[in-house]
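>>> sharing a model that was predicted from the sequence below.
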Amino acid sequence: MVSQEQRRRQLAREKFLRQQQRRTSARRRARMRNSVIASVLGVVVIGSVALYTTGVLKNNDDKANAGSEPTPSASASPSKAPDPCAKPAAGSVKKLSWKNEPAMSIDTSAGYTMKLATTCGDIGIALKTSAAPHTVNSFDFLAAKGFFDHTKCHRLTTNGIYVLQCGDPTGTGSGGPGYTIPDENLKDKSLKGGVYPAGTVAMANTGQKHTGGSQFFLVYQDSQLPPSYTPFGTIDAAGMKVLKKIAAAGESTGQGDGAPNATVVINKATVTKS
């Protein structure tokens, strides 16, 4: 028989995958709508357009589909832990977008590191250049353009899977750089038994193949996930302490999947050739 704990983990994984799949549908609908708007503008003047937005944190559909997940009452609102992080640095998110993946410009035989200078502390990441060259090249490109600077890490999961998700300039879970990159390194030796080990940095995607963009997640505790998310880096010891601090502050819904209570903002992201 399946234990209650195994069932809980299974539901958490299924919820994670459903949320990624909804992002695919949201992007497809947005592209179709934008094409219609573009054609209509040539004939008439549109007074206003309601922008459709969606993200992995809007989980109303999940509550309808997962009957075993309780809906908290208003009186059972989770208590918010003190914010362990500093105020964000002055500045704002850049609105940047590209149609195509950047041309390969890194030395695929060299080592690269990424530093996330966050409001909660610095997170150092050793990048897996040779195993995930497209991913590392994309992050090198985006970091150099300041794409990640002043962006919020918008999602923390504390139930079933244990990750902090970042890299969305909109902070909603539906944003990206305008292009996608191929999946890579899905047979990494670190992914044993369907587990992404603590310290892994991997690409988020829509649930479909080759749909990674700029969003990524940092694993702070071993998490059971299908090998569908490009593992492209490993977090250093100091960065793991920062992640543990963020996780300890909890997330906003009290159900194990929501915006982190900690104000996690990437003040500056840099990629350096070592």
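Right, received. Where do you want to start? Since we're looking at a predicted model, the values are computed, not measured. Numbering: from 1, shown residues only.
>>> run through the stretch 1-150 of the chain and note the low-pLDDT ranges.
Within the stretch 1-150 of the chain, the segments meeting pLDDT under 70 span 1-9, 12, 17-81.
>>> now the strands for the stretch 1-150 of the chain?
Assigned by DSSP state E, counting those that start in this stretch, the strands in the stretch 1-150 of the chain fall at 112-118, 121-127.
>>> of all those strands, which one is nearest residue 153?
strand 112-118 (7.5 Å; CB to CB). The C-beta positions use only the backbone N, C-alpha and C, and glycine is treated the same way.
>>> which strands or helices does the closest one pack on?
The contact analysis (3 or more CB pairs under 8 Å, 6 or more residues apart in numbering; DSSP states H and E) places strand 112-118 against strand 121-127, helix 133-144, strand 265-273.
>>> quick one: distance of it to the chain centre.
Remark: strand 112-118 is offset 16 Å from the chain centroid, using CA atoms, centre = their mean, to the nearest Å.
>>> stretch 167-176 too?
Distance, centroid of stretch 167-176 to centroid of chain: 8 Å (CA atoms, centre = their mean).
>>> same thing with stretch 257-269?
Averaging C-alpha positions (CA atoms, centre = their mean) puts stretch 257-269 11 Å from its chain's average.
>>> ok, now how distant is the residue most central in space within the chain from residue 229?
Residue closest to the mean C-alpha point of the chain, counted by CA atoms, centre = their mean, is residue 165 at 3.4 Å. Using CB to CB, to the nearest Å, we find residue 165 at a distance of 11 Å from residue 229.
>>> now do the shared contacts for those two.
Residues touching both residue 165 and residue 229 by CB atoms under 8 Å, 6 or more residues apart in numbering: 204, 217.
>>> then stretch 170-183 to PDB, C-alphas only?
C-alpha atoms of stretch 170-183 as PDB (Å, rounded to 0.1, in the frame of the first residue of the first chain):
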ATOM      1  CA  THR A 170       7.600  39.600 -14.200                       C
ATOM      2  CA  GLY A 171       7.700  37.800 -10.900                       C
ATOM      3  CA  THR A 172       4.500  35.900 -11.900                       C
ATOM      4  CA  GLY A 173       6.000  32.600 -13.100                       C
ATOM      5  CA  SER A 174       5.100  33.200 -16.700                       C
ATOM      6  CA  GLY A 175       7.900  35.500 -17.900                       C
ATOM      7  CA  GLY A 176      11.000  34.800 -19.900                       C
ATOM      8  CA  PRO A 177      13.600  36.100 -22.300                       C
ATOM      9  CA  GLY A 178      11.500  35.600 -25.400                       C
ATOM     10  CA  TYR A 179      13.400  32.600 -26.600                       C
ATOM     11  CA  THR A 180      13.800  29.000 -25.400                       C
ATOM     12  CA  ILE A 181      16.800  26.700 -25.100                       C
ATOM     13  CA  PRO A 182      17.100  22.900 -25.500                       C
ATOM     14  CA  ASP A 183      17.000  20.500 -22.700                       C
END
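>>> per-residue confidence averaged over it?
Taken as a whole, stretch 170-183 has an average pLDDT of 97.
>>> ditto for stretch 200-216
In this model, stretch 200-216 has an average pLDDT of 97.
>>> how long is that stretch end to end?
One end of stretch 200-216 to the other measures 10 Å (CA to CA, to the nearest Å).
>>> stretch 242-262 too?
11 Å.
>>> next one: stretch 155-164
End-to-end distance (CA to CA), stretch 155-164: 6 Å.
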